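here's my sequence, what's the structure:
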Amino acid sequence: MVKVYIDGQEGTTGLKILERFEGRNDIELLKIDEDKRKDNDERKKMINSADFTFLCLPDAAAKEAVAMAGDKVRIIDASTAHRTNLHWAYGFPELGADFREKIKNSSRTAVPGCYASGFISIVYPLIKLGIMPEDYPVVCHAVSGYSGAGKKAIAVYEGENRPAEYDSPRQYALTQQHKHLPEMQKICGLSYAPIFNPLVCDYFSGMVVTVPIFTRLLTKKYTAADIRNALSEFYEKNGSYFVKVMPEGEPEDGFIGANNISGTNNMQIYVNGNDERLVLCSRLDNLGKGASGAAVQCLNIMMGIDEKTGLV
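Next up is the predicted model:
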């Protein structure tokens, strides 16, 4: 049995990790006294008493926690702080055997961002396979439930007297400084950061991340079937259980809802369009494969057990 501590377990991601541990008898959860949550001496003690410590914290606090951690404890960080750090494993095992192996053997793993997960699931293999040039002018649109907006925003969304505009999708990150952009560019190997256009909407969880593509700007002429087959083969080759490329003709009704697979660790990739213009969509739960589900999947790999343990 391994000892696990969650630093920041009162937040949305921490609570969802706890939910995914229900029924597991291979984990001993360490709990800090409520009145000592901000006591750094007690935090340091708890972090280093565990075999694995999850960090569900703002970036500055996550960096502080890592500085407290000794060599024996293995860290799984759900913040943005270490996602582009080459010394850390990037927690997206479906991207290749090298990603999975580094997660398995690393003492430090960074969990991908939710938007970044959807984006990278599309763009990384296209560049890796030589289909999309590294200097492609990528644009990305995304919609997400409000659960990823933080405690204060969740309280507003769920409040009785919320502003009327919260009834509609709300566009943000207008200055193109969204915190997921560095990992989106770096992990994919893009020459330039993409234009990123996210919207938060009036439902709890789930997201669709969309990358439109002009086929004339790819390395050669590709059809939707070509792209679909290439992505499908990529993920099949890499032993993906949670990431699936959907077959031609999906979705049947022509609509891709953003919350259909909420509560799971699944990710579905759709390829649609015509010979000139393609629309690639990645659907996931921002709290699942986009946060806590991915974190637990990384833990399982680091423990050397079936990565599906405790996940649906």
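
let me see the ranges of the helices in the protein.
Using DSSP state H, the helices found in the chain span residues 12-20, 40-49, 59-68, 97-105, 114-128, 151-157, 181-188, 224-237, 293-303.

which among those helices is found nearest to residue 252?
With respect to residue 252, and counting by CB to CB, the nearest of the helices of the chain is helix 224-237 at 15.7 Å. For glycine as for every other residue, the C-beta is placed from the backbone atoms N, C-alpha and C.

so for that closest one, mean pLDDT?
Helix 224-237 shows a mean pLDDT of 97.

contact partners of it?
94, 122, 125-126, 128-129, 131, 213, 222, 243-245, 247-248, 269, 271-274, 278, 280 (CB atoms under 8 Å, 6 or more residues apart in numbering).

now, which of the residues you listed lie within strands?
Mapping those onto strands (DSSP state E) picks out 213, 243-245, 269, 271-273, 278, 280.

which of the residues you listed are buried? Put it as a PyMOL command.
Here is the PyMOL command that picks out the buried ones among those, judged by 16 or more other CB atoms under 10 Å:
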select buried, resi 213+243+245+269+271+272+273+278+280
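
and of the ones in strands among the contacts of helix 224-237, the nearest to residue 88?
residue 243 (21.2 Å).

identify the residues contacting stretch 26-40?
Contact partners of stretch 26-40, identified using CB under 8 Å, 6+ apart, comprise 1-6, 9-10, 18, 21, 42-43, 46, 49-50, 64, 68, 303, 305, 309.

how about 6 Å then?
By CB atoms under 6 Å, 6 or more residues apart in numbering, the surrounding residues in contact with stretch 26-40 are 1, 3-5, 21, 42, 46, 50.

restricted to strands, list the residues you listed.
3-5.

CSV please, covering those residues and showing neighbour count and distance to residue 180.
Shown next, in CSV, are the ones in strands among the contacts of stretch 26-40 (neighbours: other CB atoms under 10 Å; distance: CB to CB, whole Å):
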residue, neighbour count, distance to residue 180
3, 15, 31
4, 22, 26
5, 23, 26
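
ok, these vs residue 284, which is closest?
In terms of CB to CB, no member of those lies closer to residue 284 than residue 4, at 23.9 Å.

now residue 80, nearest residue through space, not along the chain?
Leaving aside its chain neighbours, residue 80 sits nearest to residue 179 (4.9 Å; criterion: CB to CB, 6 or more residues apart in numbering).

could you check how far that neighbour is from residue 285?
19 Å (CB to CB, to the nearest Å).

and if you look at residue 167?
On the measure of CB to CB, residue 167 and residue 285 end up 22 Å apart.

what of residue 245?
When residue 245 is compared with residue 285 (using CB to CB), they lie 18 Å apart.

in PDB, list the C-alpha atoms belonging to stretch 268-275.
The C-alpha coordinates for stretch 268-275 follow below in PDB (Å, rounded to 0.1, in the frame of the first residue of the first chain):
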ATOM      1  CA  GLN A 268     -12.800  11.500 -28.200                       C
ATOM      2  CA  ILE A 269     -11.300  13.000 -31.400                       C
ATOM      3  CA  TYR A 270     -13.500  13.900 -34.400                       C
ATOM      4  CA  VAL A 271     -12.300  14.600 -37.900                       C
ATOM      5  CA  ASN A 272     -14.800  16.300 -40.200                       C
ATOM      6  CA  GLY A 273     -14.900  18.700 -43.200                       C
ATOM      7  CA  ASN A 274     -14.200  18.600 -46.900                       C
ATOM      8  CA  ASP A 275     -11.200  18.500 -49.300                       C
END
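
neighbouring contacts of it?
Around stretch 268-275, the neighbours that count as contacts under CB under 6 Å, 6+ apart are 224, 227-228, 231, 244-246, 279-283.
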